[in-house]
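Student: Here's my sequence, what's the structure:
(2 chains)
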Amino acid sequence: MINFFEQVRDIFTYMKEPLLVGILLSLCAAILGVVLVLKRYSMIGDGLSHVAFGSFAVALALNQTPVQFALPIVMVAAYILLRLGQNTKIKADAAIALLSSSALAIGYLAGSLSSGFTADINNYMFGSITTASKTDLYMIVPLAAIIIICFIVFYNRIFAVTFDESFAKATGMHTRFYNILLSIFTAIVVVIGMRIMGSLLISSLIIFPALTSMRVFNNFKKVIVSSMFISVFCFLVAFFAFSQYSSAASIVIVNLLVFILFTFIGMLIRRFGSRGI
Amino acid sequence: MKLLTCHDLAVGYDNKVVLANVNLEITNGDYVCIVGSNGSGKTTLIKTLVNLIPPISGKLKYDSTVEPKSIGYLPQKLEVQTDFPASVLEIVLSGCLNRLGWFPFYRKKEKELALRYIKLLEIENIKNKPFRSLSGGQQQRVLLARALCSTEKILFLDEPFAGLDVMMAQHLYEILDKINKEYGVTIVIISHDVNTIIKHATKVIHVDQTITFDGTPSDYLASGIGTQYTGGNYD
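Tutor: Have a look, this model is predicted:
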């Protein structure tokens, strides 16, 4: 027992940045996730993380700073993917598959052509919470603040665009503005999140909490709030209880367990009346 | 007063013209029904009229009193997510958004408006229920209430009664009549049920690659195209 408390104390002393970055990242990912899942863009996080991986590998090959190099590329990719959803020629899911495999291939080539695959690139694949630094913290704190403020101020508009974009646009809303906002936020979350969750697992941080909440809650506001709690809860459980294992994998597993639990709760609620939640 | 004028309009997707040479006028208080067979371009036309698709060529002009935000629109059922986690009231209220300007939250008058239309469409008893737990007919009434909240001038409806039973459709037709006559809202509606809709409409537009008929329901029934399309069921 004393060991456990010592461990916790050590974590607070030596792992303060990873802990704070993780909590804020989980919060941001959960909020954006609700909108992305409901807009049928669950795979966008996955696609973008591959684009981010490709850009990181190219940045390392060119001796550039990865984050600054990748961020604009991922933002553009995010906007293109969100726009493609409205295009009749290419379906959004096909576009994401196309973009992510191409980006992965470019990244891999860039990696092998330069110095070969270093530990750095391996970290980008599977992530490591210990890599979170002060720089990440300085990026995520304002981002989280902006996302939360935007979601409070634009809540009704975000609701309308998510529920029915055609109606929102036809009745005079600037839907493009909200799509740009959503792409920028998603891009930043993916780029920062990639180093913690890895490019293979970051999308789970975005979609799991939203899907879990929707098993039980029937109201947009409650789904968002519940996703925030679930996301942070799962991160904390993984962070403290499974600190000796891979952080990204543990976060996904905890999320999966909570998802299964909520599925059961949802079934029970539907079975025994009271649909009002 | 002319609310909307189209001059030599060509509409379609990706530069592929679906309807060409569209010339039409919609006047304040009209109840216009757009009819035509599947794939004739009815939905494309309405989407162009509500500014969802840019016209390929020609002119589309709204009267200066009609802003994009005085347009009400009810999309085809297929385009709305029926499993969305939201309550009925939340969805109806989202129709009032274009009345807010830059204000972020709904005020008392928007809430009152939403409740007024909830009452009119007789969905008061389900206003706090989750949208996804409702039947198709109830969902359609919720979406109609939302469309009404967004306009006092002109309302576009794309097959609002598809998949509803006869009684329910009849009830909604009566509500639309009331909105048109008592509230003075101009209605533009697409319907496959041509025999019913022309009893309510004041103007019929038949489309088939272009506008092949534009006139009153009685003229439509007397015309060759009308006789053919309605099955000649009228005396």
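
Student: For the stretch 101-250 of chain A, what lies in contact range of chain B?
Tutor: A:153-157, A:159-160, A:163-164, A:166-173, A:214, A:217-220, A:222-223 (C-beta under 8 Å from any C-beta of the partner chain). Just so you know, the C-beta spots here come from the backbone N, C-alpha and C atoms, and that holds for glycine as well.

Student: tell me which residues of the top helix by length along chain B are tucked away?
Tutor: Longest helix in chain B by number of residues (criterion: DSSP state H): helix B:166-181. Under the neighbour-count criterion of 16 or more other C-beta atoms under 10 Å in any protein chain shown, helix B:166-181 has B:Met168, B:Ala169, B:His171, B:Leu172, B:Tyr173, B:Ile175, B:Leu176, B:Ile179, B:Asn180 buried.

Student: Which one of the residues you listed is nearest to B:Ile118?
Tutor: B:Ile175 (12.3 Å; C-beta to C-beta).

Student: mind checking the SS state of A:Gly172?
Tutor: Secondary structure, DSSP: H, G, I helix; E, B strand; the rest coil: A:Gly172 is coil.

Student: just the one 5 residues further on next, same as before
Tutor: The local conformation at A:Phe177, judged by three-state DSSP, is helix.

Student: How about the one 5 residues further on?
Tutor: The three-state label given to A:Leu182 by three-state DSSP is helix.

Student: Next: the one 4 residues further on.
Tutor: A:Thr186 falls in the helix class when you classify it by three-state DSSP.

Student: Correct me if wrong: it contacts A:Asp46.
Tutor: No - using C-beta atoms under 8 Å, A:Thr186 makes no contact with A:Asp46, being 11.5 Å away.

Student: what about the two, which has more around it?
Tutor: A:Thr186 (28 against 20; other C-beta atoms under 10 Å in any protein chain shown).

Student: center of chain B, which residue is that?
Tutor: B:Leu157 (1.6 Å; C-alpha atoms, centre = their mean).

Student: Am I right that it sits in a strand?
Tutor: Yes - assessed with three-state DSSP, B:Leu157 lies in a strand.

Student: Can you list the low-confidence ranges for the stretch 101-250 of chain A?
Tutor: Along the stretch 101-250 of chain A, the model assigns pLDDT under 70 to residues A:115-121.

Student: how about the CA coordinates for the worst-scoring helix or strand of chain B on mean pLDDT, as PDB?
Tutor: Least confident helix or strand, chain B: helix B:224-230 with a mean of 76, by mean pLDDT, DSSP states H and E. Extracted as PDB, the C-alpha positions of helix B:224-230 are listed here (Å, rounded to 0.1, in the frame of the first residue of the first chain):
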ATOM      1  CA  GLY B 224     -52.000  16.400 -71.800                       C
ATOM      2  CA  ILE B 225     -49.000  16.100 -69.500                       C
ATOM      3  CA  GLY B 226     -51.300  16.300 -66.400                       C
ATOM      4  CA  THR B 227     -53.800  13.800 -67.700                       C
ATOM      5  CA  GLN B 228     -50.900  11.400 -68.400                       C
ATOM      6  CA  TYR B 229     -49.200  11.900 -65.000                       C
ATOM      7  CA  THR B 230     -52.200  11.800 -62.800                       C
END
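
Student: for chain B, which spans come out with low pLDDT?
Tutor: Under the criterion pLDDT under 70, the flagged ranges of chain B are B:68-69, B:232-235.

Student: which outside residues touch stretch B:146-153?
Tutor: For stretch B:146-153, the surrounding residues in contact (C-beta atoms under 8 Å, 6 or more residues apart in numbering or on different chains) are A:167, A:171, B:3, B:28, B:65-66, B:69-74, B:91-99, B:110, B:113-114, B:117, B:120-121, B:155, B:157, B:179, B:183, B:185-186.

Student: Mind doing that once more with 7 Å?
Tutor: By C-beta atoms under 7 Å, 6 or more residues apart in numbering or on different chains, the surrounding residues in contact with stretch B:146-153 are A:171, B:3, B:66, B:70-74, B:91-92, B:94-96, B:98, B:113-114, B:117, B:155, B:179, B:185-186.

Student: Surely the residue nearest to the centre of chain B touches B:Ser191?
Tutor: No - assessed by C-beta atoms under 7 Å, B:Leu157 is found out of contact with B:Ser191, at 8.2 Å.

Student: re the thing from before, pull out the buried members of the contacts of stretch B:146-153.
Tutor: A:171, B:3, B:66, B:70-74, B:91-92, B:94-96, B:98, B:113-114, B:117, B:155, B:179, B:185-186.

Student: Which of the residues you listed fall in helices?
Tutor: B:Ile91, B:Val92, B:Leu113, B:Ala114, B:Tyr117, B:Ile179.

Student: List just the nearest of those to B:Tyr220.
Tutor: Closest to B:Tyr220, out of all of those and judged by C-beta to C-beta, is B:Ile179, at 22.6 Å.

Student: Next up, the contacts around that closest one.
Tutor: B:Ile179 neighbours (C-beta under 7 Å, 6+ apart): B:Leu148, B:Val185.

Student: how close does it get to chain A?
Tutor: 16 Å (C-beta to the nearest C-beta, to the nearest Å).

Student: Next, work out how far apart that residue and B:Gln170 are.
Tutor: Distance of B:Ile179 to B:Gln170, computed by C-beta to C-beta, to the nearest Å: 15 Å.

Student: related to what we said a few turns ago, for the buried residues of helix B:166-181, which one is nearest chain A?
Tutor: B:Ile179 (16.5 Å; C-beta to the nearest C-beta).

Student: Which strands or helices does the host helix or strand of B:Thr43 pack on?
Tutor: Using DSSP states H and E, B:Thr43 sits in helix B:42-49. Helices and strands in packing contact with helix B:42-49 are listed as strand B:2-13, strand B:16-27, strand B:154-158, strand B:186-190; criterion 3 or more C-beta pairs under 7 Å, 6 or more residues apart in numbering or on different chains; DSSP states H and E.

Student: Okay, and A:Ile146 sits in which element?
Tutor: Assigned by DSSP H and E, A:Ile146 falls in helix A:134-153.

Student: now swap in B:Pro55 and tell me
Tutor: With DSSP H and E as the test, B:Pro55 turns up in no helix or strand.

Student: Share the number of residues neighbouring it, please.
Tutor: With other C-beta under 10 Å as criterion, B:Pro55 counts 18.

Student: List the residues that contact it.
Tutor: B:Leu9, B:Ala10, B:Val11, B:Thr48.

Student: what does the helix holding A:Ile146 contact?
Tutor: A:17, A:20-21, A:24-25, A:27-28, A:31, A:158, A:181, A:185, A:188, A:192, B:104.

Student: Which of those residues are buried? Put it as a PyMOL command.
Tutor: If you want just the buried ones from those in PyMOL, going by 16+ other C-beta under 10 Å, the selection is:
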select buried, chain A and resi 17+20+21+24+25+27+28+31+158+181+185+188+192
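
Student: Closest one of the contacts of helix A:134-153 to B:Thr212?
Tutor: For the contacts of helix A:134-153, with B:Thr212 as the reference and C-beta to C-beta as the criterion, the closest is A:Ile158, at 42.7 Å.
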